[in-house]
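# Got a predicted structure here, sequence first:
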Amino acid sequence: MELKALRCLIEVVRTGSFTRAASNLFVTQPTISKMIRALEDELGTPLLLREGRGVRLTDAGRVVFEQGQAVLAASARLQGELESLGQRVRGPLRMGLPPMVGTAFFAPVVRAYRERYPEVELMLTEDGARDLERGILAGDLELAVTVLPTAREELATQEFSSEDLCLLAPAGSVWSKRQAVAIGQLRDEPLILFNEGFALADRIAAACREAGFSPRIAARSGQWDFIAELVSARLGVALLPRRLCERLDPRRFTWATLNDPHIPWRLAFIWMKESYLSHAARAFLDVAQEALLVPAKG
């Protein structure tokens, strides 16, 4: 049984799509299909059922999916321990970043890391925080960034940033010159949210429900800069971290701190608790600690 075939199956199930799985694994869709068919032939039973645009696991597929994640995680640990026998920091580092986190923080970190450790192949995956957590648990990623708090007790965390969420609105709107807003004031406002699977979208929706209303969702996107453009086009308003709002043109946008409730955007590195971290992953944490001034991990 090939590990590549297991990885293909797990990624198809995780994304719900052959197309997205192929994109995430940097292969073609026919390659994904061929690998899964070969795995089914080897095991003598179908593993996936196509249903419209989605897929569903058979009973056998569910067993292979669950056990396959453990196999891949064990394989990643074995590879890491073997790599650690050498003195140089090299090999692949599979790391996950939420899209706006990469924009806000990580270009200088990645540059410094590549300059210091040119023999490491940095394999970056962009996805929502909760999907990245699942990637760590499945063994697809060794290191990632999530939005705290996380309900995953299996994950070790190292926080490196915390800042306010702000209401982003078009310049000249009724929100101009506001210093602070409460979530209840957005009851009748169309909201532009991040995609489902993004932790921030879940927290904003929960805050709306706690304030006694369901958010009027005008659109969703996985890209913060596109969300900003939709706000500028007056499709609705958005809630974004202060750091991102400060990047935008004040001639086109206005923003105000969300203070009721206070929803901090807390970011942390995550990895499997009590699991082996490769030299490449530990080196990345060290570089990030220097560049972002985060506390050293205990």
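Ah, there it is. Numbering: from 1, shown residues only.
# would you say Thr157 is within a strand?
Yes - Thr157: assigned to a strand according to DSSP: H, G, I helix; E, B strand; the rest coil.
# Now do the SS call for the nearest residue to it once chain neighbours are set aside.
Leaving out its chain neighbours, the residue that sits closest to Thr157 by CB to CB, 6 or more residues apart in numbering is Ala268, at 4.4 Å. Backbone N, C-alpha and C define where each C-beta goes, glycine included. Classification of Ala268 by three-state DSSP places it in strand.
# Can you list the low-confidence ranges for the stretch 1-150 of the chain?
Residue ranges of the stretch 1-150 of the chain with pLDDT under 70: 80-88.
# go again using 80 as the cut-off
Scanning the stretch 1-150 of the chain with the threshold set as pLDDT under 80 gives 1, 51-53, 76-91, 103-104.
# Excluding chain neighbours, what is closest to Ala70?
Gly139 (7.8 Å).
# wait, doesn't the one you found sit right on Leu78?
No - applying CB atoms under 8 Å as the test, Gly139 and Leu78 come out as separate, 10.7 Å apart.
# one step back: pull the contacting residues for the residue nearest to Thr157.
Ala268 makes contacts with Val145, Thr146, Leu148, Thr150, Thr157, Gln158, Glu159, Phe160, as judged by CB atoms under 8 Å, 6 or more residues apart in numbering.
# Where does Pro254 fall, secondary structure wise?
Check again: residue 254 is Thr, not Pro. Using DSSP states H and E, Thr254 falls within strand 253-260.
# For that strand, the averaged confidence score.
What strand 253-260 shows for mean pLDDT is 94.
# i'd like the first residue to be 49 from this point on
Yep, numbering from 49; the last one is strand 301-308 now.
# buried ones in it?
By neighbour count with 16 or more other CB atoms under 10 Å, strand 301-308 contains the buried residues Phe301, Thr302, Trp303, Ala304, Thr305, Leu306.
# how close does the fifth one sit to Val149?
Right, Thr305. 20 Å (CB to CB, to the nearest Å).
# returning to what we had before: the residue nearest to Ala118: neighbour count?
Look at Gly187: counted by other CB atoms under 10 Å, it has 24 neighbours.
# if I look at it, how far off is Gly139?
Counting by CB to CB, the gap from Gly187 to Gly139 is 16 Å.
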